[in-house]
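K.L.:
Build the 3D model from these lines:
(one chain, ligands or ions: 1)
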Amino acid sequence: MIKELNPKARFLMGPGPSDVHSRVYKAMSTPMLGHLDPQFIQIMDEVMEMTRSVYQTKNEITSVISATGTSGMETCLVNLLEPGDTAVVCVSGVFSGRIADIAGRCGATVVRVDAPWGTSVDPAQVKDALKNCKPKLVAMVHAETSTGVLQPLEEIGRLAHEAGALFMVDAVTSLGGTVLKVDDWGIDAIYSCTQKCLSAPPGLSPVSFSSKALEVMDSRKTKIQSFYLDLTLLRKYWTGAKRAYHHTAPISMFYAAHEALRMVHEEGLEARIKRHKQNHEILRDGLESLGFEFLVAPQFRIPMLNAVKIPAGYDDVAVRTRLLNEYNIEIGAGLGDFAGKIWRIGLMGESCTINHINLLLSALKQIIK
Ligand code: PLP
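P.N.:
Numbering: from 1, shown residues only. The predicted model follows:
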């Protein structure tokens, strides 16, 4: 007979998921409710309220999509774009490449502004691209997890608005770990995930839409091609006195998000961001003293995702396998162009502690001599 599950606990120091606090697991094991039970509607409202606060927005339509980060990306794009539209996409890694792919699948003409992987997008190049087209949307990734680069949002958002376009942002890795101000920075559509700096399991995608984005959706000429991600339907489930069934919400994941967001607010967003920054600096010093070199220039580094070059003479898979098997530590491999060249070390949410840093540094010291 197949045995009961009994996975070994790991120290999750890759690009996500991150470690999950026992309070979040406890919340997930509380009794099941119906998805239209008034108790559940209240939980949903509280998740929405706490999501607004972590995004620093007053947007009414701020909630969670019932799937991982990519569903938030797809929700923004399928609702905002229709065939014939133009989208300018800043591409500098795997996930911004995915935005360009999905925008194309929506029937939009995609104008790419490419930056070499490991560098940030140059606002001057975006400005040039905007001169030559009439975009409906400018999209970019805040923290590009595949390279470890934090992108300049504010300036590109301003350029998007000057060009009369909406500004869409991927905050999958940045939400809850670094400064992100949806309203102050003029972001019209944004999505994230639960499994990185919020430290809940993967399974929900927090999203938020400005009133301008909602107006654009309301004036579409064509029907949204996705039923599951159609915001005109989802809005009737998320808001209003009478909630309309759209899909069966993953109840236990809402419990998880509820507790994880409560923990973010208990710690305080500012204190949490400071913790991520300070621990990044401690890890950086430790890695550099072991001879590691960072991929990204200091001013563009994501504190929660440290991309370091694999030292010459060491095998990528062999080292990561030893870390996992002998020390129970997971770190991330390079993706795409960086496969076999870099490691991605996450310091996200519950995995962003001095204890994690010390464990990893002492394990690396023993492996890389
Ligand atoms: N965007 C970024 C920046 C990511 O890092 C990821 C996943 O790591 C995604 C999008 C996709 O999210 P998910 O794997 O949760 O669907």
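
K.L.:
So the protein: which segments form each domain?
P.N.:
According to automatic domain parsing, the chain comprises the domains 11-16+268-367, 23-265.

K.L.:
Would you mind finding the most buried of those?
P.N.:
By mean neighbour count, with neighbours taken as mean count of other C-beta atoms under 10 Å, domain 23-265 ranks first of the domains of the chain at a mean of 20. (Glycine included, C-beta is placed from N, CA and C.)

K.L.:
of all the domains of the chain, which lies closest to the ligand?
P.N.:
Closest to the ligand of these, according to C-beta to the nearest ligand atom: domain 23-265, at 2.7 Å.

K.L.:
Show the end-to-end separation of the closest one, please.
P.N.:
14 Å (C-alpha to C-alpha, to the nearest Å).

K.L.:
Ok, stretch 157-172 next?
P.N.:
Distance between the two ends of stretch 157-172: 18 Å, counting by C-alpha to C-alpha.

K.L.:
List the contacts of the longest helix belonging to the chain.
P.N.:
Using DSSP state H to assign secondary structure, the helix with the most residues in the chain is helix 269-289. Contact partners of helix 269-289, identified using C-beta atoms under 8 Å, 6 or more residues apart in numbering, comprise 53-54, 56, 176-179, 197, 264, 267, 294, 301, 303-304, 306, 308, 345, 347-348, 352-354, 357, 360-361, 364.

K.L.:
Please apply the same query to stretch 360-369.
P.N.:
The set of residues that contact stretch 360-369 without belonging to it, under C-beta under 8 Å, 6+ apart, is 11, 13, 283, 286-287, 290-291, 311, 314, 319, 322-323, 326-327, 329, 331, 345.

K.L.:
so of those residues, which ones are in strands?
P.N.:
Secondary structure from DSSP state E places 11, 13, 329, 331, 345 of the contacts of stretch 360-369 in strands.

K.L.:
Pull the contacting residues for the closest residue to residue 261 other than its chain neighbours.
P.N.:
Using C-beta to C-beta, 6 or more residues apart in numbering and skipping residues adjacent in sequence, the residue nearest residue 261 is residue 50, 3.8 Å away. With contacts defined as C-beta under 8 Å, 6+ apart, the neighbours of residue 50 are 258, 261, 262, 264, 265.

K.L.:
among those residues, which are in helices?
P.N.:
Among the contacts of residue 50, the ones falling in helices (DSSP H) are 258, 261, 262, 264, 265.

K.L.:
Surely the last one touches residue 52?
P.N.:
No. Taking contacts as C-beta atoms under 8 Å, residue 265 lies outside contact range of residue 52: 11.3 Å.

K.L.:
For the stretch 101-250 of the chain, just list every one of the helices.
P.N.:
123-131, 153-162, 211-218, 231-238 (DSSP state H, counting those that start in this stretch).

K.L.:
could the ones in strands among the contacts of stretch 360-369 go into a markdown table alongside pLDDT and distance to the ligand?
P.N.:
Rendered in a markdown table, the data for the ones in strands among the contacts of stretch 360-369 read as follows (pLDDT from 0 to 100; distance: C-beta to the nearest ligand atom, whole Å):
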| residue | pLDDT | distance to the ligand |
| --- | --- | --- |
| 11 | 98 | 18 |
| 13 | 98 | 14 |
| 329 | 98 | 19 |
| 331 | 98 | 14 |
| 345 | 98 | 14 |
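
K.L.:
so who does residue 110 touch?
P.N.:
By C-beta under 8 Å, 6+ apart, the neighbours of residue 110 are 86, 87, 89, 100, 103, 104.
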